[in-house]
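[1] Model the structure of this input:
(chains A and B)
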2 protein chains.
Amino acid sequence: MPAPVPAACNCGPRCIGGRSGWRWRWPAAARWPGHGQRVSDTRRRERNAVAPVKKKKGAGHWMDARAGRNERLQHLQTAMGERGMSALVCTRNLNVLLASGFWPVLGAVVAIVTPEPRVLLAVPEDVGELARAGWADLVCPYQAGTLERIGAAPAGLFAVLGKLLEPLVGRGGIIGVEAGTGSLPASYASLQVYGDTLRAWLGASFPHATQAPADDLLAHQRMVPTAWERARIGVSCELAAAAFREGAQQLREKVAETEAVLPFREAFVAHATAHEGVCRADSYFYCMSGPHAARAWASFQQSRPAPVHRHVPILMHCNSYADGYWTDLTRTYVLGKPDPRLAAIFHAVQHASEAARAAIRPGVRGRDVDAAARVVLTNAGYGKYFPHGLGHGVGFSAIDHGEPPRLHPASDDVLEAGMVFNVEPGVYIDGWGGVRDCNMVAVTGDGCELLSPFHLKTEDWCIPI
Amino acid sequence: MPAPVPAACNCGPRCIGGRSGWRWRWPAAARWPGHGQRVSDTRRRERNAVAPVKKKKGAGHWMDARAGRNERLQHLQTAMGERGMSALVCTRNLNVLLASGFWPVLGAVVAIVTPEPRVLLAVPEDVGELARAGWADLVCPYQAGTLERIGAAPAGLFAVLGKLLEPLVGRGGIIGVEAGTGSLPASYASLQVYGDTLRAWLGASFPHATQAPADDLLAHQRMVPTAWERARIGVSCELAAAAFREGAQQLREKVAETEAVLPFREAFVAHATAHEGVCRADSYFYCMSGPHAARAWASFQQSRPAPVHRHVPILMHCNSYADGYWTDLTRTYVLGKPDPRLAAIFHAVQHASEAARAAIRPGVRGRDVDAAARVVLTNAGYGKYFPHGLGHGVGFSAIDHGEPPRLHPASDDVLEAGMVFNVEPGVYIDGWGGVRDCNMVAVTGDGCELLSPFHLKTEDWCIPI
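    Residues are numbered from 1 along each chain as shown, chains lettered A, B, ... in the order given. All right, here's what the predicted structure looks like:
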C-alpha cells in the first residue's frame, strides 16, 4: 500500500481527493501560488479553445500551454477508452509533455491521465512554477529530500502517486504504463530513469490492478500532434531556421568543426531569448566536414576538433528544442564554389527532397515517400550512397529513428493530415564526404507544409569566401 | 533463447567465443580495424600501467583510455567475486564508461564484465571507431537497422548479447543488472532507455540464471575513481576552470542570462578543442541573477531571457563533460562593488567552503564535512538560508544528489582516499538573491586536493564595470 500522507484538502468537490475520501493539503514549502486548486469552469472553458501560438506582447516568457489542452485530452480519452484504462501513467519526459503540456527538466515528474479526462502531475517541490506552464488539473509537489533526510525521489514521489492512483485503480482496473525501449530527449545535464522501481511499486501497491504496456498508444498519440502542438513545433523550427541563416554567414575556413557550430548556437539563443512565449530553448549543432561528413549517415553526429576547408562539403546538423518541442534539421554548405561533383550531388539531394515533399499527402505510405526520393538519387547514380531511411517522426522526439511515421523502404505507416516528420535524403561517399538535406514537414489536407523554409537552393549552400 | 547469429570466428583461443564453441565473424560492414580481435599480451601489459593523462603532442584527439583498464577491472573483479556474479551487464551510459572506458553517445551500447575479468561491448555499427577509445577486450557491432528492416535496437542488440552471455550464464549463475532508479548524464540530444525489455529478455533467454540488482555495487565503484579516472575528471575540471576565467571577464550588465552564458560556453569549447586527448566535450552553463538566484537551491538551474544587473549576485552554474567525466561547479559574481550585505555573504560562503575543505580527510563522515561548512554559515547568521546538503559524488554522474559520497547532515558515508565530490555551500534569500560556491575536490591520503583552483577570493568574484 502507498505510504500514508497526512493531509487535508479544501479544493472542493471536483478535486480528485474528494472522490476517495482522502484530502490533500499543500505543504507550507510550496512556493508558487494557485496549484493544487480546482481549476474553475470558466478557466477550463478558456483553455479549451485551440489557438495558434501568437507572439503576444506582454505575455511573458512562460509558454501558455493551456490552449493546447482540449484536443490532446480528447485524443487520449478516446485511446484510453478503447483499452479500458483507468489510469495512464507517464514518466518519460516526452510523454509527460504529451499528457500535460509541461516538459520536465530532470525527469522526476509523473503525469497521470484519468478517464474523465483529467491530468494529475506529481512534481518535485523545486520544479516550482515551471509546472504552471502546463495544463494539468492538479499539480502535487513532493519533497525529494530535506536536511533530515537525504534526497531519494522515489520515496516522496511514490507517496504522492499512491494518493493519486488509489481512487482510480485501488479496487482494480487497467493501468497504462511505459514498458518498452524508448528514446528520451535530453532537457538538462542529466535525466532520471526508474529501472524496475516504478513498475514494482505499482504491482505491490495496487495488487488488484493490471499493468498494460501503453508504449504504442503513446507513440501513436505523439505521431499526430494537435494543431496547438504543431504550432509549437513550428516555433521551434523558426528559431532553428534563424540560427541556420545567421550562423552560415559566419562560416570560415580553418576554424575547427567544434568551433564552427558556435555562431549557430549563439544565434539560436539570441532568437529564442527574444521570442515571447518561449521559456526553455537550446540547440545541439554538429559540424562534419570533408571526408568526415561521409560518416554522417550514423544515428548521431559528432563535431571534431579539426578545421573545415574550402571547396568540400560542410554538413551542419541541428537538433534543437523550445519547451520540449524538437527539430531535426541539416544543411550542407561549401566555402567557395562547389566543384562539378559536389554541385551535382547538391542538385541531386535537393531534387530528392523536393520529390519527396511532392509525394506527401494523406493516405500515402511511408515507403512511397521514401521511394520518391530514392529514385531520384538512384537515377543520378547515387542510390547506393543513401544507406538510411528518408525520415521519421520528430517533435516530441529529437532523433528516434523508430518514431512513427517512418519514411523507409519497409514502412507501411500511412500518412495522416497533421503528422510532423523529417525528410532527410543524403549521399555519403567514403573518403570524399557527405551531403544531406534535412527538413521538417507537416502533412496538410492535400499535401505538405514545409516547416523549415530556408536555404533551399544551391546558391544558399555556397558561402562566399 | 537468444536469436541465432550465423558467424564464424578466428580470434584464437582467448576469444570469448572459444569457450562455448560459437564463433564470431566480423561483418563486412564493420568500418574500423582491429576490433573483435584478441588483444595481445604485450598490449595488455602496456594497458596495465596506470599513468596520469599527458598532453602528448601527436597523440591525436582520441582519448587513450586503455591506461585506466587494470585498476578499474581489479576493483570490479573483486566486487563481482564477493557476490558470485558470472556476468555484470551495464546499459546506462555512466556504467558503460565505468566498465569499459568508453562513453556511449546515444546509449544503445551494453557492456558485459566477466569474472576473469574481461569486458565485452555490444555496440551499434555506427558507433564505429568511437568504441576504440575504451579498453574493451571484444567489441561486437550489431546492425540497428538496414534498408530491408526498420531500425530497432533491441532486436540486433539482443542477438549479440545472447551470444556473449550464453557461455557465461547459459547453464545458470548470477547476472548483475541495473534495476533501480538512476540518473543518466546527457551525452547527446537524446538517450535510449530500455524499460522492461532487457530484464524480460534476460529472464526468457537465460531461465537457469538469477538476476541480481547491481546498482549499489556500481554506485560504490563510481564513488572511488581510479587514479586514471581521477586524472580524467581533473582534465574536465581544468577545461571548465578555463571557461570560468575567460567567461567572467566578459560578463556585462543588461545582457540576458541566456546570453551571459555564451562566452563561458565558447571559451569551454575553445579549450576543449585545443586539448590533446579530449574527443567529446561540451558544457551546460546556467546563469541566475538577482532575486532569481534565490531559486538556485533547486536541483536544476535555469537561465531566463531577462537581463543581469550591476551590484546584484550573478550565480553562474556549470555542468560540463570531457569524454564522459563530469564537473559540477558554481561561482557567484557581481558587476561592480558588492554592497555590505553581498560582501558579507560572499565572505561567509567562501569561509564555509574553506572550512569544509579543511575538514576533508579519509575516515571522516560526510555529515561532519557538511557540519564544518554549516556551522560557519550559521554563526554568520545564514544557517537557515542553506537548505540543501553540502555535496555529493561527481565525475561519472553530473548532478545526482544521491550519488555517494553524500555530504549531508544525515550522511554516514565515510570518506576514502581517492573519492571525488563537490563542495557547494550556498545562501539563498527569497526576494534578494543567492550566492553559491561549488568546487570539486579529491580526497588525498591526509586531506583534500582542490580540483577547481580558480576564482577563490572575493576580488575574483567582483567584475569591474
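
[2] ok, which residues in the stretch 301-450 of chain A are in contact with chain B?
    A:302, A:304-306, A:319, A:326, A:387-389, A:397-402, A:406, A:408-411 (CB under 8 Å from any CB of the partner chain). Backbone N, C-alpha and C define where each C-beta goes, glycine included.

[3] again, only using 6 Å
    A:Pro305, A:Asn319, A:Ala398, A:Ile399, A:His401, A:Gly402, A:Arg406, A:His408, A:Pro409, A:Ala410 (CB under 6 Å from any CB of the partner chain).

[4] Could you dump the residues you listed into CSV and include distance to A:Phe454, secondary structure and pLDDT?
    Shown next, in CSV, are these (distance: CB to CB, whole Å; DSSP: H, G, I helix; E, B strand; the rest coil; pLDDT from 0 to 100):
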residue, distance to A:Phe454, secondary structure, pLDDT
A:Pro305, 28, coil, 91
A:Asn319, 16, strand, 98
A:Ala398, 20, coil, 92
A:Ile399, 20, coil, 91
A:His401, 24, coil, 89
A:Gly402, 28, coil, 91
A:Arg406, 25, coil, 97
A:His408, 26, coil, 97
A:Pro409, 29, coil, 97
A:Ala410, 31, coil, 96
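
[5] quick one, strands of the stretch 151-300 of chain A?
    Using DSSP state E, counting those that start in this stretch, the strands of the stretch 151-300 of chain A run over residues A:173-177, A:182-185, A:190-193, A:209-213, A:281-289.

[6] can you put those in TSV and add mean neighbour count and distance to chain B?
    Shown next, in TSV, are the strands of the stretch 151-300 of chain A (neighbours: other CB atoms under 10 Å in any protein chain shown; distance: least, CB to the nearest CB, whole Å):
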stretch	mean neighbour count	distance to chain B
strand A:173-177	21	9
strand A:182-185	24	5
strand A:190-193	24	4
strand A:209-213	16	8
strand A:281-289	25	5
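
[7] can I get those strands in CSV with distance to A:Glu459?
    Putting the strands of the stretch 151-300 of chain A into CSV (distance: least, CB to CB, whole Å) gives the following:
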stretch, distance to A:Glu459
strand A:173-177, 51
strand A:182-185, 34
strand A:190-193, 41
strand A:209-213, 50
strand A:281-289, 20
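
[8] just to revisit the earlier point, among the residues of the stretch 301-450 of chain A next to chain B, which two are most distant?
    A:Pro305 and A:Ala410 (37.7 Å; CB to CB).

[9] Compare those two and say which is more crowded by neighbours.
    Set side by side, A:Pro305 and A:Ala410 show more neighbours around A:Pro305, with 20 against 15, by other CB atoms under 10 Å in any protein chain shown.

[10] how close does A:Leu184 get to B:Val193?
    6 Å (CB to CB, to the nearest Å).

[11] unless I'm mixing things up, A:Asp430 is touching A:Ala294, no?
    Yes. Between A:Asp430 and A:Ala294 there is a contact under CB atoms under 6 Å: 5.1 Å.

[12] A:Thr91 touches A:Val109, doesn't it?
    No. Between A:Thr91 and A:Val109 there is no contact under CB under 6 Å: 7.7 Å.

[13] Comparing those two, which shows the higher neighbour count?
    Set A:Thr91 next to A:Val109 and count neighbours by other CB under 10 Å: A:Val109 wins out with 29 against 23.

[14] Leaving out the residues flanking it, which one is nearest to the more buried one?
    In space, A:Val109 comes closest to A:Val123 once its chain neighbours are excluded; the distance is 4.9 Å by CB to CB, 6 or more residues apart in numbering or on different chains.

[15] Can you tell me the element the one you found falls in?
    Assessed by DSSP states H and E, A:Val123 sits inside strand A:119-124.

[16] do A:Leu329 as well
    strand A:325-335.

[17] buried residues in the helix or strand just after that strand?
    Using DSSP H and E, the helix or strand that follows strand A:325-335 in sequence is helix A:340-359. By 16 or more other CB atoms under 10 Å in any protein chain shown, the buried positions in helix A:340-359 come out as A:342, A:345-357, A:359.

[18] Of the residues you listed, which is the nearest to A:Ala219?
    Nearest member of the buried residues of helix A:340-359 to A:Ala219, counting by CB to CB, is A:Ala356, at 22.4 Å.

[19] quick one: the closest one from A:Ala371, how far?
    Taken as CB to CB, the span from A:Ala356 to A:Ala371 is 9 Å.

[20] Spit out the contact partners of the closest residue to A:Gly234 other than its chain neighbours.
    Leaving out its chain neighbours, the residue that sits closest to A:Gly234 by CB to CB, 6+ apart is A:Leu451, at 5.6 Å. By CB atoms under 6 Å, 6 or more residues apart in numbering or on different chains, the contact set of A:Leu451 is A:Gly234, A:Cys237, A:Met440, A:Ala442.

[21] quick one: which of the residues you listed has the most company?
    A:Cys237 (29 neighbours).

[22] Just to check, that one is in contact with A:Ser452?
    Yes. Between A:Cys237 and A:Ser452 there is a contact at 5.2 Å, judged by CB under 6 Å.

[23] okay, and the common contacts of these two?
    Counting by CB under 6 Å, 6+ apart, the contacts common to A:Cys237 and A:Ser452 are A:Met440.

[24] about what we covered before: A:Asp137: which of the buried residues of helix A:340-359 is nearest?
    For those, the minimum distance to A:Asp137 (CB to CB) is 39.7 Å, reached by A:Arg357.

[25] Provide the backbone phi and psi angles at the closest residue in space to the closest one that isn't next to it in sequence.
    Nearest residue to A:Arg357 in three dimensions, chain neighbours excluded: A:Cys448, at 5.5 Å (CB to CB, 6+ apart). Note on A:Cys448: its backbone torsions stand at phi -150, psi 150 [degrees, to the nearest 10].

[26] Could you measure from A:Cys448 over to chain B?
    21 Å (CB to the nearest CB, to the nearest Å).

[27] Please report the distance of that residue from B:Ala122.
    Going from A:Cys448 to B:Ala122 by CB to CB gives 38 Å.

[28] Let me see the contact set for the residue located most distally from the centre of chain A.
    Largest separation from the mean C-alpha position in chain A: A:Pro340, at 38.6 Å (CA atoms, centre = their mean). Contacts for A:Pro340 (CB under 6 Å, 6+ apart) come out as none.

[29] got a list of what A:Met288 touches?
    A:Met288 sits next to A:Ala296, A:Leu315 when contact means CB under 6 Å, 6+ apart.
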